[in-house]
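1. Pasted the sequence and its predicted model underneath.
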Amino acid sequence: MSGRIPQAFIDDLVARTDIVELIGSRVQLKKSGREYKACCPFHGEKTPSFWVSPDKQFYHCFGCSAHGTALGFLMNHDRLSFPEAVEELAARAGVEIPREARPDDGRSRGEADLVAVMGKVAAHWQGLLRADARASRYARERRGLAPETLERFMVGYAADSWNDVLRKFGGGAGQAQTEALAACGLVIEREGGAGSGGERHYDRFRDRLMFPIRDARGRVIAFGGRIIDQGEPKYLNSPETTLFHKGRELYGLYEVRQSRAPLKRLLVVEGYMDVVRLHQAGVTYAVATLGTATTPEHLKRAFRLVPEMVFAFDGDRAGRAAAWRALNNALPEAREGRQLKFLFLPDGEDPDSLVGAEGRAAFEARLEGALPLSEYLVQELAAQVDLAHADGRARFAELARPLVAKVPEGVYRELLVERLAEAIRLPATRLNALWGAAGGEGAGGAPGGFGSGGRAGHAPGGERGGASGVSGRTGQSAGRGGLMRQAVQGLVHHPRIATELGPSHLAALQGLDEPGADILRALVAELRSDPISTTAQLLERWRDRPEAERLARLAATESLVAGEGPALRELQTALERMRDEGARRRFDALLERERDGALGADERAELTALLAGQKGRKPAT
């Protein structure tokens, strides 16, 4: 069924689900106070560090940092896609999933029709491969693909024709069918009108071995085509369509998930043929990006399935450039519990040729020698400087600083800083201090937003730690970032308090210009217009937004106040203090301008009003 799942349904589904019951059906939980604990199912451990909160409807591991809602648990533990996880919860609750109609883009008749067209064309091309002696000989003899491999990956052949697909699935069948083919990216509209046969379109793929790209449900959503003899481009991919977004999809991921072998890591390669040959050789965890660099969305999808990713690249200049792009994109996803490695192949070899020449065992032995992200980072930076001299080591530190700033705070980031400090023969604490003193987004600070927040929570034995940036006294905080973080955290833990804010506090909120104020305003606005009651519901609403991970980390920290009443008062106090601090900063700025004689009439009136406000307002305590 096509269409988006309504957010209101997801809110209700999460509210209906008992996360303790769900996780308890897969993991042995033990009650500990108000919460439940267990040995983490996502990494090996002997002492329980995995906690489930029935109040928040949220789980968190303080060992590997795995965390999420009931939907997130199904996606991580059962390796389900988001729609599949929703279907699983809906089935448990005994409810039907409604769908919102999607607006027509003017070219297709809906997603379901496009999926049907793609499936029919894929089957047609499979038949052509079996029937065409030249194409079949190329696939089996020159590329070494076994019949069962061709069948498993639905490999086909696009005829050496400008209108084979058009004649069979469009054209005479009606204009709507042709428009559906165009919306799928299977045919292209001619420039300058119709051709000699009166056709306004022509086939995109011609005389190519065709590799269908499937989504998590196994539906064909795009194609990649390799030229059989000589020609350019060597590889041709489907364009972006309603069904296909190349920055999200990984070729072969559907087939990986169908494998019965235990899935512990993904091997990311560059070509369709690499993936198919690796799977045929028994390396059934290979996937490929689709003509683009590895994106954050690729990494997020991969780490929902496995704790380790290995990137394989050619050892030439182009391969190393691609590896460096992958490293930069991977840094925001690097954290404890995850492993990112880089494998460089011998010159002139690719995974396809290498696994064919040396077999699975020898190829997998190479994977064991892949460079961890930290070592690859050190090697690449060291190659750009001379570490034998102080100037070179200083340059190394300057090159490393913005890269480390991309890594989320936590154990992994601390260890990475230690490794970089070791390379330049400087204590890690000193390097952190120097980066912090340099300002900006150094390794010692949290880039932007509403405060980084420490990994506070349950210590071994069930003890609770404090939240970084917030002192033991309610309403007291270390600095402006701490106040903003305190306010956002209060809403994450107690979403209903947003509806209790009065006019004065809403006015204070609108006047804030702190980092993170836009996020706080968005949270309050959404929670007031469409109230919800649990942390899990809030996190699911923000799942696809850039701030989702930061909100989840705040959900994992232990609140210093218990109950909605104290949480509301803490939020109100934070808003008042940020309002007052903002007014004081503006007052100081205007006062400085007055001393310089640069104050205009409007600014002078504003200064007078601020002065009156400061005299009449009680200091925040």
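-> Happy to help now that I have it.

2. Could you list the domains of the chain?
-> Using automatic domain parsing, the domain parsing of the chain gives 7-93, 111-237, 253-378, 384-437, 460-616.

3. Those into JSON lines, with extra columns for mean neighbour count, mean pLDDT and distance to His245?
-> Where you see a C-beta, it was placed from the backbone N, CA and C, and this is true even at glycine. Formatted as JSON lines, the domains of the chain follow (neighbours: other Cβ atoms under 10 Å; pLDDT from 0 to 100; distance: least, Cβ to Cβ, whole Å):
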{"stretch": "domain 7-93", "mean neighbour count": "19", "mean pLDDT": "89", "distance to His245": "14"}
{"stretch": "domain 111-237", "mean neighbour count": "18", "mean pLDDT": "89", "distance to His245": "9"}
{"stretch": "domain 253-378", "mean neighbour count": "18", "mean pLDDT": "90", "distance to His245": "8"}
{"stretch": "domain 384-437", "mean neighbour count": "16", "mean pLDDT": "92", "distance to His245": "23"}
{"stretch": "domain 460-616", "mean neighbour count": "17", "mean pLDDT": "76", "distance to His245": "13"}
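
4. I'd like the ones you listed written out as TSV, with distance to Arg99 added.
-> TSV is the format used below for the domains of the chain (distance: least, Cβ to Cβ, whole Å):
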stretch	distance to Arg99
domain 7-93	9
domain 111-237	10
domain 253-378	22
domain 384-437	35
domain 460-616	17
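
5. And those: which comes nearest Lys246?
-> Of all the domains of the chain, domain 253-378 sits nearest to Lys246, with 4.2 Å by Cβ to Cβ.

6. And that closest one, end to end?
-> Distance between the two ends of domain 253-378: 31 Å, counting by Cα to Cα, to the nearest Å.

7. Please renumber the chain so that the first residue is 49 from this point on.
-> Noted, 49 is the first residue going forward, which turns the last one into domain 301-426.

8. Now do that domain: distance to the chain's middle.
-> 17 Å (Cα atoms, centre = their mean, to the nearest Å).

9. Also stretch 436-444?
-> 35 Å.

10. Could you list the residues in contact with that stretch?
-> With Cβ atoms under 8 Å, 6 or more residues apart in numbering as the test, stretch 436-444 has contacts from Leu429, Ala430, Gln432, Val433, Asp434, Leu435, Leu468, Ala471, Ile472, Arg473, Leu474.

11. State the helix or strand in which the residue lying closest to the fifth one once chain neighbours are set aside lies.
-> With Cβ to Cβ, 6 or more residues apart in numbering as the criterion, Asp434 has its nearest non-adjacent residue at 3.7 Å, and that residue is Gly440. Following DSSP states H and E, the helix or strand that holds Gly440 is helix 438-452.

12. hey, C-alpha coordinates of that helix in PDB?
-> Only the C-alpha atoms of helix 438-452 are listed here, as PDB (Å, rounded to 0.1, in the frame of the first residue of the first chain):
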ATOM      1  CA  ALA A 438      57.400  21.200  15.800                       C
ATOM      2  CA  ASP A 439      56.000  23.100  12.900                       C
ATOM      3  CA  GLY A 440      54.700  20.000  11.300                       C
ATOM      4  CA  ARG A 441      53.200  18.700  14.500                       C
ATOM      5  CA  ALA A 442      51.400  22.000  15.100                       C
ATOM      6  CA  ARG A 443      50.000  21.800  11.600                       C
ATOM      7  CA  PHE A 444      48.900  18.200  12.200                       C
ATOM      8  CA  ALA A 445      47.000  19.400  15.300                       C
ATOM      9  CA  GLU A 446      45.300  22.200  13.400                       C
ATOM     10  CA  LEU A 447      44.300  19.900  10.600                       C
ATOM     11  CA  ALA A 448      42.800  17.400  13.100                       C
ATOM     12  CA  ARG A 449      40.900  19.900  15.200                       C
ATOM     13  CA  PRO A 450      37.800  20.500  12.900                       C
ATOM     14  CA  LEU A 451      37.700  16.700  12.200                       C
ATOM     15  CA  VAL A 452      37.500  15.800  15.800                       C
END
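
13. Ala615 in helix, strand or coil?
-> With DSSP: H, G, I helix; E, B strand; the rest coil as the basis, Ala615 sits in helix.

14. quick one: contacts of stretch 410-418?
-> Leu315, Leu326, Ala329, Val331, Val358, Lys389, Phe390, Leu391, Leu393, Pro399, Leu402, Val403.

15. Just send those back as CSV, with secondary structure and distance to Ala448 too.
-> Below are those laid out as CSV (DSSP: H, G, I helix; E, B strand; the rest coil; distance: Cβ to Cβ, whole Å):
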residue, secondary structure, distance to Ala448
Leu315, strand, 27
Leu326, helix, 34
Ala329, helix, 38
Val331, coil, 33
Val358, strand, 23
Lys389, strand, 19
Phe390, strand, 17
Leu391, strand, 23
Leu393, strand, 27
Pro399, helix, 30
Leu402, helix, 32
Val403, helix, 35
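
16. tell me the two of the residues you listed that are most distant?
-> Ala329 and Phe390 (21.1 Å).

17. these two touch, right, Val572 and Leu549?
-> Yes: at 6.7 Å, Val572 counts as touching Leu549 under the criterion of Cβ atoms under 8 Å.

18. For those two, list the residues in contact with both.
-> Leu557.

19. Contacts only, for Trp99.
-> By Cβ under 8 Å, 6+ apart, the neighbours of Trp99 are Ser80, Glu83, Tyr84, Lys85, Tyr107, His108, Cys109, Phe110, Gly505, His506.

20. Filter those residues down to just the ones in strands.
-> Ser80, Glu83, Tyr84, Lys85, Tyr107, His108, Cys109 (DSSP state E).

21. any idea which of these is closest to Ala133?
-> Tyr107 (14.0 Å).

22. roughly how far apart are that closest one and Leu70?
-> Plainly put, Tyr107 is 10 Å away from Leu70 if you go by Cβ to Cβ, to the nearest Å.

23. what is in contact with these two at once?
-> Phe121.

24. For stretch 429-446, what is the distance to the chain centroid?
-> So, by Cα atoms, centre = their mean, the centroid of stretch 429-446 is 33 Å from its chain's centroid.

25. Same question for stretch 585-597.
-> That offset, for stretch 585-597, works out to 11 Å (Cα atoms, centre = their mean).

26. List the contacts of that stretch.
-> So stretch 585-597 is contacted by 55, 58-59, 62-63, 105-106, 116-117, 119-120, 130, 456, 497, 539-540, 543, 567, 571, 574-575, 580, 599-600, 603 (Cβ under 8 Å, 6+ apart).

27. swap in stretch 54-72?
-> 77, 84, 86, 100-102, 105-107, 117-119, 121-122, 134, 137-138, 140-141, 143, 145-148, 578, 580-582, 584-585, 588-589.
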